[in-house]
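**Q** With the input below, show me the fold.
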Amino acid sequence: MSRVFTPRRMAAIEDQIRAYCVSCLDPRVGSDGFDIIAVLAAMMPMRVIGMLLGIPESQQVGFRERNDANLRTKPGAPLKVSNADAIADGRMYADYVEWRSKNPSDDLMTALLNVEFEDAHGVTRKLTRKEVLHYTQVVAGAGNETTGRLIGWLAKVLAEHPDQRRQVNDDRSLVNRVIDETLRFEPTGPHVARYMARDFQAYGQTVPAGSAMLLLFGAANRDPRRYDHPHTFDIHRNTIAHLTFGKGMHYCLGANLARLEGRVAVEELLNRWPDWEIDYNTARLAPTSTVRGWEVLRILPQRHE
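**A** You can find the predicted model right below:
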């Protein structure tokens, strides 16, 4: 997968990402405020995934809404675990994948359908259709939800740290630091579960093989043994590191893409509004099972006479 999902391929679509971002933000210039989630964060990631996978625009919104609905939770109601297989297996993309297999293009989906590799058994082969659907769900589902949440958090933390925002506006080389410090400070995926493959010793306790373990990335990102002043947002840390993208063999395939989208969003926001505040009276967190972020987040541009 890493041979297909490359930084070069991500960089190749930066102009398209920026053009879409501009088309979303330009109509709001001169307004008293707008919901950054509805205007940009909820839509841009799926548009970008659509650009990569070659998904027609007419289908992108439907895919995004179905992914979003699968992660929704309601107070007092059990999690829809019966839908887990339907979410994970990517079956919602089956018709599109079949169509793309007969209509190849210069996109990630065509590359996925045709890439050859040597599997664990030493056999050179292509991905099975089932594998393609699984990967499509991972890329489209996970990438859409988490990156959209990241854009909301970027808008909020920069509003709440105006001195650092002004520094970034004056020195755009700091934007990448903003992205990673925000991922540390307000992780879009604060936890992930894993089954233990074997018995594991931790802090004098044995965790038996087959046990489920919840890894709290959000807590690790603010571990005082790792970070000075961990509860402070600081883009000037000597080492900004985090576990929000995971680690090791499960490191996020879309990390480069998420950083790119976040960078473009911050740059284009600053290009139009060097200063903004948050409308806390209307701000509302989204009720979801595995990601955290904003359902409504109005930003209020500040005018300077």
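
**Q** quick one: the strands in the stretch 201-305 of the chain?
**A** 205-207, 212-215, 276-278, 284-285, 294-296, 298-301 (DSSP state E, counting those that start in this stretch).

**Q** Figure out which of the ones you listed is closest to residue 100.
**A** The minimum distance between residue 100 and the strands of the stretch 201-305 of the chain falls on strand 294-296, with 32.4 Å, by CB to CB. Using the backbone N, CA and C atoms, a C-beta is placed for each residue, glycine as well.

**Q** Show me what that closest one packs onto, helices and strands only.
**A** In terms of contacts (3 or more CB pairs under 8 Å, 6 or more residues apart in numbering; DSSP states H and E), strand 294-296 is packed against helix 143-160, strand 284-285.

**Q** how much distance is there from it to the middle of the chain?
**A** Between the mean C-alpha location of strand 294-296 and the chain-wide mean there is a distance of 15 Å, by CA atoms, centre = their mean, to the nearest Å.

**Q** Go through it and flag the buried ones.
**A** Buried positions in strand 294-296, judged by neighbour count with 16 or more other CB atoms under 10 Å: residue 294.

**Q** Return the per-residue confidence for residue 158.
**A** In the prediction, the pLDDT value recorded for residue 158 is 98.

**Q** Tell me how far it lies from residue 188.
**A** 16 Å (CB to CB, to the nearest Å).

**Q** Which stretch among the strands of the stretch 201-305 of the chain is buried most, on average?
**A** Neighbour counts (mean count of other CB atoms under 10 Å) averaged over each of the strands of the stretch 201-305 of the chain peak at strand 298-301, with a mean of 20.

**Q** Can you tell me what sits against stretch 111-118?
**A** Contact partners of stretch 111-118, identified using CB atoms under 8 Å, 6 or more residues apart in numbering, comprise 3-4, 97, 100-101, 104, 124-127, 132, 135-136.

**Q** go again using 6 Å as the cut-off
**A** Defining contact as CB atoms under 6 Å, 6 or more residues apart in numbering, one finds that stretch 111-118 is touched by 4, 101, 124, 126, 132.

**Q** quick revisit: would a markdown table of the helices and strands packed on strand 294-296 with distance to residue 277 be doable?
**A** Below are the helices and strands packed on strand 294-296 laid out as a markdown table (distance: least, CB to CB, whole Å):
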| stretch | distance to residue 277 |
| --- | --- |
| helix 143-160 | 5 |
| strand 284-285 | 17 |
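
**Q** quick one, which of those is packed in tightest?
**A** By mean neighbour count, with neighbours taken as mean count of other CB under 10 Å, helix 143-160 ranks first of these at a mean of 23.

**Q** By mean pLDDT, which helix or strand of the chain comes out lowest?
**A** For the chain, counting by mean pLDDT, DSSP states H and E, helix 84-88 ranks last in confidence among helices and strands (a mean of 55).

**Q** Can you identify the element that follows that one toward the C-terminus?
**A** helix 94-102 (DSSP states H and E).

**Q** buried residues in that following helix?
**A** Counting neighbours by 16+ other CB under 10 Å, one finds that the buried residues in helix 94-102 are 96, 97, 100.

**Q** For the residues you listed, please prepare CSV with the additional fields distance to residue 166 and pLDDT.
**A** Listed next are the buried residues of helix 94-102 as CSV, based on distance: CB to CB, whole Å; pLDDT from 0 to 100:
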residue, distance to residue 166, pLDDT
96, 44, 88
97, 46, 90
100, 46, 92
